[in-house]
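Undergrad: After the sequence you'll find the predicted model.
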Amino acid sequence: MNCIFCKIIKKEIPAGIVFENKDIIAFKDVNPIAPVHVLVIPKKHIISVADASDDDVLLMGKLIMVAKKIAEDLKISNKGYKLLVRVGKGGGQEVGHLHLHLLGGAYNV
Ligand code: AMP
Ligand code: ZN
């Protein structure tokens, strides 16, 4: 499978990893649109929210809780931040491996 995010998970290509556990990995977006721009992704290759199933309910919740933890660790939690998930081409999703954008700091997106 030619998935760039699966390659990051397998450490076949480098990334600025800020968090990792057995289910989830988070790394800095290579083309940030905010001072803090981290992508939080499941290690399971799920193409998008539209492809998630009932089996993924717990994993979907964990993604948000990991984003919350990273926001606290990076000290952007007090000011607030944005969590963004694009779904499919019409939603602007470019990488076909489900990901949650954590956006914080001074931004206007
Ligand atoms: P989306 O449009 O929601 O699919 O967002 C995909 C995001 O992945 C974009 O913000 C890209 O900058 C980011 N991205 C693509 N390739 C990489 C990579 N190799 N490392 C880190 N971020 C990436
Ligand atoms: Zn993948």
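TA: Sure, I can see it. Residues are numbered from 1 along each chain as shown. Ligands and ions are numbered 1, 2, ... in the order given.

Undergrad: Would you point out which residue is most central in the chain?
TA: With distances taken as Cα atoms, centre = their mean, the residue of the chain nearest its centroid is residue 40 (2.2 Å).

Undergrad: Which strands border the biggest strand by length in the chain, and is each parallel or antiparallel?
TA: In the chain, taking DSSP state E as the definition, the longest strand is strand 36-42. Partners of strand 36-42 in the sheet, by DSSP bridges, are strand 24-28 (antiparallel), strand 100-104 (antiparallel).

Undergrad: on that earlier part again, check contacts around the residue nearest to the centre of the chain.
TA: By Cβ atoms under 8 Å, 6 or more residues apart in numbering, the contact set of residue 40 is 19, 24, 26, 63, 66, 67, 70, 99, 100, 102. In short, each C-beta sits where N, CA and C put it, glycine included.

Undergrad: Report the entries of these that also contact ligand 1.
TA: Among these, proximity to ligand 1 is found for none (Cβ under 6 Å from any ligand atom).
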